[in-house]
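Visitor: Sequence plus the predicted model coming up.
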Number of protein chains: 2
Amino acid sequence: MSLQPLIDHFESYIPLNESEKQLLDDRVTHRQMKRRQAILQEGFPCRHYSFVVEGCFRMYKIDSKGTEHNLQFAAENEWIADIGSFHSGRPSQLFIEAIEPSIILQIDKEDLYFLYTNIPKLDRIFKVIIENKYVELQNRVLQTISSTAQERYLTFLEQYRNLALRLPNTQIASYLGITPEFLSKIRKDIAS
Amino acid sequence: MSLQPLIDHFESYIPLNESEKQLLDDRVTHRQMKRRQAILQEGFPCRHYSFVVEGCFRMYKIDSKGTEHNLQFAAENEWIADIGSFHSGRPSQLFIEAIEPSIILQIDKEDLYFLYTNIPKLDRIFKVIIENKYVELQNRVLQTISSTAQERYLTFLEQYRNLALRLPNTQIASYLGITPEFLSKIRKDIAS
DNA sequence: AAATAGGCTTAAACTAGTTTAAGGTCGGAC
DNA sequence: GTCCGACCTTAAACTAGTTTAAGCCTATTT
C-alpha cells in the first residue's frame, strides 16, 4: 500500500507537510495490473490520473482500419491519462494498457479536484509536471515533421534507452509512425 | 496600453480582484510588432511569455538543411513561448516571429514567478491553459502518426479555419510537415 | 516602366515508406 | 509434445511524398 513513490515524486518539486501527506493517503488508490490489462478503453471517459510505481504502460488509438498507434509510453514515476477526456468527462478515443505486470497509484477526478483545493501547491506541482510533458511532446512534433524515420528511431533509442530495451519493436514502430517491416529494414541499415 | 484582453482571458478561468489586476498591470508589458519582426531567435533564451492581443505569430525551427518547420501558430488570445527554454534559461533552438503586424502583452520570467507567488490562482489558471495546449498538441501527434497528408490538411482547415484564411499555403505546408508543392497537389485533388 | 521577390502551380524523375506475402523463432497453453 | 500466437525478418511490388525545374501572378521597390 505504499504511497511513498508518489510522495517522493511530488517532493521532488515542493516538500509536503504531514497533513498534506495524510490527505493524499486518503484519496489515492493502489492497484496491481496484469500484462495487457486496460486502465482505459475507447468509448469511456478517462476517470483517473494514474501514476506508475512499477511496470510500463502505453496509450494508443485504433484507427478506422484497425491499426494501433502508440501516442505515449509511461514507465516508473510517470503519469498517464487522457487529460482531455478526464476533464471534459467525454468518451475517450484512446486505450491505456499495461505492457508489463505493473503497480499504479490512481486519483479520480473528484479526489484530484479536492486535492487541488486543499493542497494548493499541487496546482503548481501539476503545472510544472505538465509543462515538462508539453516540452517533451513539442520536441516529438518537431522531430516528426522534420526528420526521417531513421533519425526518429535513433533519437528514440538515445532518449528512451531503458524503455527501448523493454519494448517489442512493433510497439516502437507504432510510436514512430512507421510499419514494423520498415523498422526492421532501418535496423538492418543501421547495423551494416 | 490596455491590459483588458489579458484580464478577460484570465477571468474566463477564474475572476480576479482589483489588487490582483493592479499587480498584473505593474508587471505586464505592451508591445507593437511589425510583420516579420522576431520575439525569439535561435541561440537566445526565451525571456517572455507572450500573449497575442492582435495579429498572428508562428514558432518554427530551421533544420540543418536550412528548411523551416512550423511548430505552432498563435493568433488572438493565445500564448506563445518556448516553454522549455523559458524555464531552463538555456538557448532556444526556435524562432518566433510575427506573420502580421501585431500587438502583444509580455511577461518576463522574474515577473511571472513574482505573479505566481502573489496571485496563487495563476498557478491554477496556467495549469489549465497548458493542459488545454497539451491536449491540442497530443491530437496533432496522433494525426501526424496515423493520417495521410490530405487528411491532415482537411483537419487543419476544419479546426483552424480562420487561421487558414490568413496564412500563406507555404506556412501551412510547413506546419503539416510537407512541401508546398505537395500541398498544391493535394489542393488540386480535393478541388476535383 | 522595369525589376524583384514571394507565393502558387504543374510536371517528371526520384526516394522514403507501405503492402502483401512468406518463412523462421520463441515461449506459453493445452 | 505440439500447437498457437506474438514477434522479427526479408523481399518484391506499390504509393505517398520529395526534388528539381520551370512558368505565372501579384504586390512592392527602384
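Guide: Good, I have the coordinates. Numbers count the residues shown, from 1 in each chain, chains lettered A, B, ... in the order given.
Visitor: Can you pull out the low-pLDDT segments for chain A?
Guide: Scanning chain A with the threshold set as pLDDT under 70 gives A:1.
Visitor: try 80
Guide: A:1, A:192 (pLDDT under 80).
Visitor: close to chain B, is the longest helix that it contains?
Guide: Criterion DSSP state H: the longest helix present in chain A is helix A:121-146. Yes: applying C-beta under 8 Å from any C-beta of the partner chain, one finds helix A:121-146 in contact with chain B at A:123-124, A:126-127, A:130-131, A:133-135, A:137-142, A:144-146. No exception for glycine: its C-beta is placed from N, CA and C like everyone else's.
Visitor: which of the residues you listed count as buried?
Guide: A:123-124, A:126-127, A:130-131, A:133-135, A:137-138, A:140-142, A:144-146 (16 or more other C-beta atoms under 10 Å in any protein chain shown).
Visitor: Next one: the helix or strand hosting residue A:113, is it in contact with chain B?
Guide: In this structure, residue A:113 sits in helix A:109-118 according to DSSP states H and E. Yes: counting by C-beta under 8 Å from any C-beta, chain B has neighbours in helix A:109-118: residue A:116.
Visitor: just to revisit the earlier point, how far does the longest helix of chain A sit from the chain's center?
Guide: 12 Å (C-alpha atoms, centre = their mean, to the nearest Å).
Visitor: Are there helices or strands packed against it, and which ones?
Guide: Counting contacts by 3 or more C-beta pairs under 8 Å, 6 or more residues apart in numbering or on different chains; DSSP states H and E, helix A:121-146 is packed against helix A:109-118, helix A:149-159, strand B:68-74, helix B:83-88, helix B:121-146.
Visitor: Could you tell me the angle between the first one and helix B:121-146?
Guide: Read it as helix A:109-118. Angular relation of helix A:109-118 and helix B:121-146 on a 0 to 180 degree scale: 140 degrees, by axes from the mean of the first three to the mean of the last three C-alpha atoms, to 10 degrees.
Visitor: Give me the residues contacting stretch A:68-78.
Guide: The contact list for stretch A:68-78 (C-beta atoms under 8 Å, 6 or more residues apart in numbering or on different chains) reads A:5, A:9, A:50-63, A:80, A:94, A:99, A:160, A:162-163, A:166-167, A:171, A:174-175, A:177, B:138, B:141-142, B:145-146.
Visitor: any bit of it sitting next to DNA strand C?
Guide: No: on the criterion C-beta under 7 Å from any atom of the strand, stretch A:68-78 is out of touch with DNA strand C, staying 10.5 Å away.
Visitor: try stretch A:95-110
Guide: No: taking C-beta under 7 Å from any atom of the strand as the criterion, stretch A:95-110 and DNA strand C are apart, separated by no less than 11.8 Å.
Visitor: Pull out the buried positions in that stretch.
Guide: So, applying 16+ other C-beta under 10 Å, buried residues of stretch A:95-110: A:95, A:96, A:97, A:98, A:99, A:102, A:103, A:104, A:105, A:106, A:107.
Visitor: can I get the residues you listed in TSV with secondary structure and distance to residue B:186?
Guide: TSV is the format used below for the buried residues of stretch A:95-110 (DSSP: H, G, I helix; E, B strand; the rest coil; distance: C-beta to C-beta, whole Å):
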residue	secondary structure	distance to residue B:186
A:95	strand	30
A:96	strand	33
A:97	strand	35
A:98	strand	39
A:99	coil	36
A:102	strand	42
A:103	strand	47
A:104	strand	43
A:105	strand	46
A:106	strand	43
A:107	strand	44
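Visitor: could you dump the residues you listed to JSON lines with distance to chain B?
Guide: JSON lines is the format used below for the buried residues of stretch A:95-110 (distance: C-beta to the nearest C-beta, whole Å):
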{"residue": "A:95", "distance to chain B": "12"}
{"residue": "A:96", "distance to chain B": "13"}
{"residue": "A:97", "distance to chain B": "17"}
{"residue": "A:98", "distance to chain B": "20"}
{"residue": "A:99", "distance to chain B": "18"}
{"residue": "A:102", "distance to chain B": "22"}
{"residue": "A:103", "distance to chain B": "25"}
{"residue": "A:104", "distance to chain B": "20"}
{"residue": "A:105", "distance to chain B": "20"}
{"residue": "A:106", "distance to chain B": "18"}
{"residue": "A:107", "distance to chain B": "15"}
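Visitor: is it possible to export the residues you listed to a markdown table including distance to residue A:20?
Guide: Shown next, in a markdown table, are the buried residues of stretch A:95-110 (distance: C-beta to C-beta, whole Å):
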| residue | distance to residue A:20 |
| --- | --- |
| A:95 | 33 |
| A:96 | 28 |
| A:97 | 32 |
| A:98 | 29 |
| A:99 | 32 |
| A:102 | 26 |
| A:103 | 23 |
| A:104 | 21 |
| A:105 | 16 |
| A:106 | 18 |
| A:107 | 14 |
